[in-house]
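>>> Need coordinates for the following:
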Amino acid sequence: MTIIPAVPELGSAGITHDDMKFFFPDSQDQVDPSFDFETETRDEFRIRQRNDRYAHEIFAQPPFNGILVSKAIVMGSGESSGKYSLPQRHRLLRLGVEEFFRLPKGDERPETMGDCGAFSYVKEEYPPFSVESVVEFYEQCGFDYGISVDHAILAFHSEDYHVDPELDPVPAEFVKRQKITIDLARDFLKLSQREKCGFVPVGVAQGWSPSSYAMAVNQLQDMGYEYIALGGMVPLKTKEILSCLERIQQVRRAGTRFHLLGVTRCEQIGRFRDYGVVSFDSTSPFLQAFKDDRNNYHAPDRTYTAIRVPQVEGNPKLLRSIRAGEIKQEVALKLEGACLRALRDFDRGKATVEEVLEPIAEYERLYDGKRDRTASYRQVLEDRPWKQCPCDICRTAGIHVTVFRGSERNKRRGFHNLWVFYRKLQRDLGLLEQRLVLADAR
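Residues are numbered from 1 along each chain as shown. Below is the predicted model of the structure:
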């Protein structure tokens, strides 16, 4: 067994190149600074691309180390048209990723990584992007890192197929997709080297078991890859990811580094780093703000349920009930307004917890009679976590950051979650205190 030393610890000179980096996958998520929470109106002359702000523009320091941009998100693939409009695509290609995202200059500039977005075309027989088009996309946009074209394998077996190949064969689809990924990685590296591209090529390892991942990593190392992304691990349990890393460790060569695609396990960051993982990406903290049923607002030591106050005019379920005559529109609008007034009064110290919960519970019975979140709402109102949080979102939005309602509130809460997650990551890596010391020294 080859023994590989752990990734270097933090040195006295500052943050080393091999410290864990968190990349936030872009999906054109921005907030409008002109949005007025009281009137729910915005500047009539607002232009989204020019006036709206990304997460790294909201905070004094970016809440991540880098941005990951998927070609599938930009260009679309298969049945998906992507998240970018045609003018946005042209602007990205014309300006490059750094100027398009208005990234800060100097030491605080987040790094940029391009990938293909394999899960967007996972149902297709073969990736829809050619190696040539991907290399051209990465080079034209000016990414720091470019991930090779891959094809995801949607299955995992904690135990390898080894009992009897005749009775227990590896499914042909698994082998096919892994071979496609390996072949494309070989072509990707050759082309990027021949063209003398400015980005660092990152090969992708896809597998269905610990040994198959190790085999893919070994082949990528033989090609010359020193930075390898491990794909297909999003649905895996932590122990399954660790079992793969342990097996990969047996073939890992000195200098080989790993990126975990779509994996967020903050509590295991130290162990991941011991196995050569130096970066990962995830939208989890952001998406929990409005996709999770309970864990919407992140605090340093716990999560809270955001207070639902759906828009009558923008809630499909409510509108269907109103059109069916099951709910009177004027009653719904009255309760909606009462909830918002009570929350504003509470934030200003002019209402009690009970005075807020009463209209919120009544409104919830109207639009969702099967649910009762009163206990969860009481907890967030009594604790007032937004009052203790020093982040720019909580200081400017106040109680609105805990309200589940519309993209302006929900995405701000997502940005807040990113900020909290990033500080937890730095704390777990032992970097937060050093960053604070360096900031004070400056």
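>>> Please make it C-alpha for all contacts and neighbour counts, starting now.
Noted.
>>> Can you show me the strands along the stretch 301-442 of the chain?
303-304, 307-308, 403-404 (DSSP state E, counting those that start in this stretch).
>>> Pull up the distance across stretch 225-235, start to finish.
25 Å (Cα to Cα, to the nearest Å).
>>> Would you mark the buried spots in it?
For stretch 225-235, a neighbour-count test (16 or more other Cα atoms under 10 Å) marks Y225, E226, Y227, I228, A229, L230, G231, G232, M233 as buried.
>>> swap in stretch 38-58?
Those would be D52, R53, Y54, A55, H56, E57, I58, for stretch 38-58 by 16+ other Cα under 10 Å.
>>> Quick check: strands, which of these are part of them?
In strands, judged by DSSP state E, none of these are found.
>>> So which of those residues sit within helices?
A55, H56, E57, I58 (DSSP state H).
>>> Mind putting those into a markdown table with pLDDT and distance to F174?
Formatted as a markdown table, those follow (pLDDT from 0 to 100; distance: Cα to Cα, whole Å):
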| residue | pLDDT | distance to F174 |
| --- | --- | --- |
| A55 | 96 | 38 |
| H56 | 95 | 39 |
| E57 | 95 | 42 |
| I58 | 95 | 43 |
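>>> Relative to R294, which of the residues you listed is nearest.
A55 (22.8 Å; Cα to Cα).
>>> excluding its backbone neighbours, what's nearest the closest one?
F415 (5.8 Å; Cα to Cα, 6 or more residues apart in numbering).
>>> Verify the contact between the one you found and F59 for me.
No. When contacts are counted by Cα atoms under 8 Å, F415 is not listed as touching F59 (9.2 Å).
>>> These two - which one has more neighbours?
Neighbour comparison, F415 and F59: the larger count goes to F415, with 28 against 15 (by other Cα atoms under 10 Å).
>>> Spit out the contact partners of the more buried one.
Residues near F415 by Cα atoms under 8 Å, 6 or more residues apart in numbering: A55, F286, I393.
>>> my guess is the last one contacts K411, does it?
Which is I393. No. Counting by Cα under 8 Å, I393 does not reach K411; the two are 10.2 Å apart.
>>> what is in contact with those two at once?
In contact with both I393 and K411: no residue, using Cα under 8 Å, 6+ apart.
>>> I'd like the contacts of F415 written out as a markdown table, with distance to R94 added.
A markdown table is the format used below for the contacts of F415 (distance: Cα to Cα, whole Å):
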| residue | distance to R94 |
| --- | --- |
| A55 | 22 |
| F286 | 28 |
| I393 | 32 |
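>>> Now for the buried residues of stretch 38-58: which two are most distant?
D52 and H56 (11.8 Å).
>>> Which of the helices or strands spans G146?
Using DSSP states H and E, G146 sits in strand 145-147.
>>> Local confidence estimate at T374?
The per-residue pLDDT reported for T374 equals 96.
>>> if I look at F415 and F59, which residues touch both of them?
I393.
>>> Tell me which residues touch F100, please.
R91, L92.
>>> ok, it to S70 distance?
From F100 over to S70 (counting by Cα to Cα), the distance is 14 Å.
>>> What of K424?
26 Å.
>>> quick one, which of these two is more surrounded?
S70 (22 against 19).
>>> beta partners for that one?
Residues in a beta bridge with S70, per DSSP bridges, are D115.
>>> out of the buried residues of stretch 225-235, which are inside helices?
Per DSSP H, the buried residues of stretch 225-235 never map to helices.
>>> could you redo the residues you listed as CSV and give each row distance to S192 and pLDDT?
Shown next, in CSV, are these (distance: Cα to Cα, whole Å; pLDDT from 0 to 100):
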residue, distance to S192, pLDDT
Y225, 12, 98
E226, 14, 97
Y227, 14, 98
I228, 15, 98
A229, 17, 98
L230, 20, 97
G231, 21, 95
G232, 24, 93
M233, 26, 93
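>>> Going by distance to R265, which of those residues wins?
Nearest to R265 among the buried residues of stretch 225-235, counting by Cα to Cα, is M233 at 11.6 Å.
>>> Nearest residue to L333 in space, ignoring adjacent ones along the chain?
Going by Cα to Cα, 6+ apart, L333 has V312 as its nearest residue, at 6.4 Å.
>>> That neighbour against K334, yeah?
No. Using Cα under 8 Å, V312 is not in contact with K334; the gap is 9.9 Å.
>>> Just the CA coordinates for the next helix or strand after the strand holding G146, please, in CSV.
Beyond strand 145-147 on the C-terminal side, the first helix or strand identified by DSSP H and E is helix 172-194. The C-alpha trace of helix 172-194 is given here as CSV (Å, rounded to 0.1, in the frame of the first residue of the first chain):
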residue,chain,number,x,y,z
ALA,A,172,-22.7,-3.0,-18.8
GLU,A,173,-24.1,0.5,-18.5
PHE,A,174,-21.7,1.3,-15.6
VAL,A,175,-18.7,0.1,-17.6
LYS,A,176,-19.8,2.0,-20.7
ARG,A,177,-20.3,5.3,-18.9
GLN,A,178,-17.0,5.0,-17.0
LYS,A,179,-15.1,4.3,-20.3
ILE,A,180,-16.8,7.2,-22.0
THR,A,181,-15.7,9.5,-19.1
ILE,A,182,-12.1,8.1,-19.2
ASP,A,183,-11.8,8.4,-23.0
LEU,A,184,-13.2,12.0,-23.0
ALA,A,185,-10.8,12.9,-20.2
ARG,A,186,-7.8,11.6,-22.3
ASP,A,187,-9.0,13.7,-25.3
PHE,A,188,-9.6,16.7,-23.1
LEU,A,189,-6.1,16.7,-21.6
LYS,A,190,-4.4,16.2,-24.9
LEU,A,191,-6.4,19.1,-26.6
SER,A,192,-5.9,21.5,-23.7
GLN,A,193,-2.2,20.8,-23.7
ARG,A,194,-1.9,21.1,-27.4
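>>> contacts for helix 172-194?
Contacts of helix 172-194 (Cα under 8 Å, 6+ apart): 126, 131-132, 135, 148-153, 201, 203-208, 216, 219-220, 223, 225.
>>> what's the neighbour count on F37?
By other Cα under 10 Å, the burial measure for F37, its neighbour count, is 14.
>>> next one: G106
G106 has 7 nearby residues by other Cα under 10 Å.
>>> For Q140, see how far away it is.
With Cα to Cα as the criterion, G106 and Q140 are 22 Å apart.
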